[in-house]
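*Asks:* Prediction below, plus the sequence it came from.
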Amino acid sequence: MTKDMTEVWSKDFVPEGNRTSNVDRFTGFEDTYDQHRPEAPQEVVTLLTGYLERKPSLVVDLGCGTGLSSFAWRDAAYQVIGVEPNDDMRGKAIAKWQSLQQESDSSPNGKAADIKFVSGYSNQLALPDQSADIITCSQSFHWMDPASTLKEVSRVLREDGIFAVYDCDWPPSLTRKVEQTYLELIERAETIIDRHVDTQEQAYKGNKNEHLKHIRESGVFRFSKEIVFHHMEPFTAERYTGLAVSQGGIQTVFKLKQTEINDKIAQFHTLVEEHFQGRTLPVMLSYRMRLGIK
């Protein structure tokens, strides 16, 4: 049956199994996030449409953030619904969509696809049973409760529908020294958070390496697999550093007004600038997709 939309889409309603700290982690840096994070690559659309063997009527994008993963379906699905509990991230997605609609309206050839962004949680969706052809989680499933999310996915997916979780490996491939410093920077941020935030108030991140295990153990899917693919994107030094700074741990340290991380960020940016030397260079992004077919 269809969930009650008034309750499920209420801004203040938090279903059991969700942590407000996970949602709040992404508050206040939607512009930095949207500027530096990669959009969902075309390979995602190609792979999933190939497994579905038709153009999807409805794609639901869970934890859609600023819409970077939702807009990939603009010309590849009839309808797209991005579900995002964080107001700032969702507000950015809506603003981008409104701008795209204005551009489409002024174009003699273009008509915008049916896309909307709604407040909601992955385990309480205001959608009818068996209504979606594809449900995706881009860089988001590890912030969700896997068991209750997969139960809700099972309800909303049509027969032969596809659930796909895909994540980009951080950091993007560059050099040993740059990548090692990136990882040290992220570790430093988490250490600072541990010192200043009680454990029960911290965001909780699941293990991405267990995504396929959760999919298989749910008993929902008759076929499941992992797919690894790569995508090249142009990067500048500013974007590569910005990608690191857009990580939730570093943003949390900024919110805590702890400045001890600043020197490490400056060191990292110097290394990145030495590599790029003012150039725009192709950088490889490596993705891991775990999918299940109902």
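*Replies:* Noted; the coordinates are in hand.
*Asks:* Just after the helix or strand harbouring Phe268, pick out the following helix or strand.
*Replies:* Using DSSP states H and E, Phe268 sits in helix 262-276. Using DSSP H and E, the helix or strand that follows helix 262-276 in sequence is strand 281-293.
*Asks:* Mind listing what's buried along that following strand?
*Replies:* 283, 285, 287-293 (16 or more other CB atoms under 10 Å). Heads up, the C-betas are built off the backbone N, CA and C, glycines and all.
*Asks:* how would you label Gly219: helix, strand or coil?
*Replies:* At Gly219 the chain is in coil, as set by DSSP: H, G, I helix; E, B strand; the rest coil.
*Asks:* ok, it - how many residues close by?
*Replies:* 9 (other CB atoms under 10 Å).
*Asks:* And for Gln102?
*Replies:* Quick note: Gln102 (other CB under 10 Å) scores 11 neighbours.
*Asks:* Repeat that for Gln247.
*Replies:* Around Gln247 there are 21 residues (other CB under 10 Å).
*Asks:* Lys116 - nearest residue in space that isn't next to it in sequence?
*Replies:* Ile81 (5.8 Å; CB to CB, 6 or more residues apart in numbering).
*Asks:* what's the one you found in contact with, if anything?
*Replies:* Going by CB atoms under 8 Å, 6 or more residues apart in numbering, Ile81 touches 58-61, 115-118, 127.
*Asks:* Restricted to helices, list these.
*Replies:* Assigned to helices by DSSP state H, none of the contacts of Ile81 qualify.
*Asks:* Generate TSV for those, with neighbour count and distance to Lys208 as supplementary columns.
*Replies:* Formatted as TSV, those follow (neighbours: other CB atoms under 10 Å; distance: CB to CB, whole Å):
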residue	neighbour count	distance to Lys208
Leu58	21	26
Val59	28	22
Val60	29	21
Asp61	28	18
Ile115	23	27
Lys116	13	28
Phe117	25	24
Val118	19	25
Leu127	22	26
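*Asks:* Nearest to Pro41 among those residues?
*Replies:* Distance to Pro41 across these (CB to CB) is lowest for Asp61, with 14.4 Å.
*Asks:* can you give me the strands in the stretch 51-200 of the chain?
*Replies:* Using DSSP state E, counting those that start in this stretch, the strands assigned to the stretch 51-200 of the chain run over residues 58-62, 79-83, 114-118, 132-138, 157-168.
*Asks:* Of all those strands, which one is nearest Tyr182?
*Replies:* strand 157-168 (13.3 Å).
*Asks:* where do the helices sit along the chain?
*Replies:* Counting by DSSP H, the helices of the chain are 5-8, 20-24, 30-36, 42-52, 87-106, 146-156, 176-196, 211-217, 237-245, 248-255, 262-276.
*Asks:* ok, and what's touching the second one?
*Replies:* Helix 20-24 is contacted by residues 14, 85-86, 143, 201-204 when judged by CB under 8 Å, 6+ apart.
*Asks:* What residues sit buried inside it?
*Replies:* Neighbour count says helix 20-24 has 22-24 buried, by 16+ other CB under 10 Å.
*Asks:* Excluding covalently adjacent residues, which one is nearest to Ser154?
*Replies:* Val220 (4.3 Å).
*Asks:* I'd guessed that neighbour sits against Leu150; true?
*Replies:* Yes - between Val220 and Leu150 there is a contact at 5.9 Å, judged by CB atoms under 8 Å.
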